[in-house]
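quick one, fold the following:
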Amino acid sequence: MNLPQPSGLSSLKKTVFLSFLLVFSFACSLVPYYDASVIEQIEETTATADRFYLLMEMDSTDEDSPRAYEAAEPFYYDIILDLRKINRMNNYRKSSEASSKQVETAIDIVEAQRSIHSDLERLDDRDLIELHRGQTMDALYILRATESRLPKRQNP
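Numbers count the residues shown, from 1 in each chain. As a prediction, this is how the structure comes out:
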């Protein structure tokens, strides 16, 4: 025997179902999807930074050595411009605020290093060079690791 259900119970089921559907659809868009081009740009930036710090670590009194600020300045700007490019790529993706903040932190690190180098005019302290290299490479590693863990877009 089917008893008629009160209309409130039926509308409650519909409301719960629609609420669940709404929450689920928002949850799916809270994280950006994996983007291979962003990973590629991070790798290019990492290679630029690695080359810069390897050249700086080489003992050299030559004025063309990146230990001299004038010779290093273009490297700093190349790294910063590459990071800004990653940030622009993030700005085109949905829900990439966390990634953008990580890029901005990396930019701040490189800017601070550039400022220190500029003030000193020449970096001859090997420990400071290694510290700067470690900070930059760690920031880039975090960017790479974060991007690599994003969900891959499923083909329908």
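
ok, now which ones touch residue 103?
83, 86, 87, 90, 143 (CB atoms under 8 Å, 6 or more residues apart in numbering). For the C-beta atoms, the positions are set from N, CA and C on the backbone; glycine is no exception.

scan those and report the most crowded one.
Within these, most neighbours by other CB atoms under 10 Å means residue 83, with 27 neighbours.

how about the secondary structure of it?
Following DSSP: H, G, I helix; E, B strand; the rest coil, residue 83 is assigned to helix.

spit out the contact partners of it.
45, 103, 106, 107, 110.

redo that, cut-off 10 Å
By CB atoms under 10 Å, 6 or more residues apart in numbering, the residues touching residue 83 are 41-42, 45, 49, 102-111, 139-140, 143.

PyMOL command to pick out the buried ones of those residues?
A single PyMOL command selects the buried members of these (16 or more other CB atoms under 10 Å):
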select buried, resi 41+42+45+49+102+103+106+107+109+110+139+140+143
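
narrow the contacts of residue 83 to those in helices?
With helices taken from DSSP state H, the overlap with the contacts of residue 83 comprises 41-42, 45, 49, 102-111, 139-140, 143.

pLDDT and distance to residue 125 for the contacts of residue 103 - can I get that in CSV?
Shown next, in CSV, are the contacts of residue 103 (pLDDT from 0 to 100; distance: CB to CB, whole Å):
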residue, pLDDT, distance to residue 125
83, 97, 25
86, 93, 29
87, 91, 31
90, 83, 34
143, 92, 27
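
what is the nearest of those to residue 122?
residue 83 (24.5 Å; CB to CB).

distance check, residue 99 against residue 64.
Residue 99 is 36 Å from residue 64, where distance means CB to CB, to the nearest Å.

about what we covered before: would TSV of the contacts of residue 103 with distance to residue 57 be doable?
Shown next, in TSV, are the contacts of residue 103 (distance: CB to CB, whole Å):
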residue	distance to residue 57
83	21
86	25
87	28
90	31
143	22
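
which parts of the chain are strands?
Ranges of strands in the chain, per DSSP state E: none exist.

in it, which spans are helices?
Going by DSSP H, the chain shows helices at 7-28, 36-57, 69-91, 97-120, 126-148.

rewinding a little: okay, residue 99 and residue 64: which has more neighbours?
Neighbour totals were compared for residue 99 and residue 64, and residue 99 leads with 23 against 10 (other CB under 10 Å).

ignoring the adjacent residues along the chain, who's closest to the more buried one?
residue 90 (4.9 Å; CB to CB, 6 or more residues apart in numbering).
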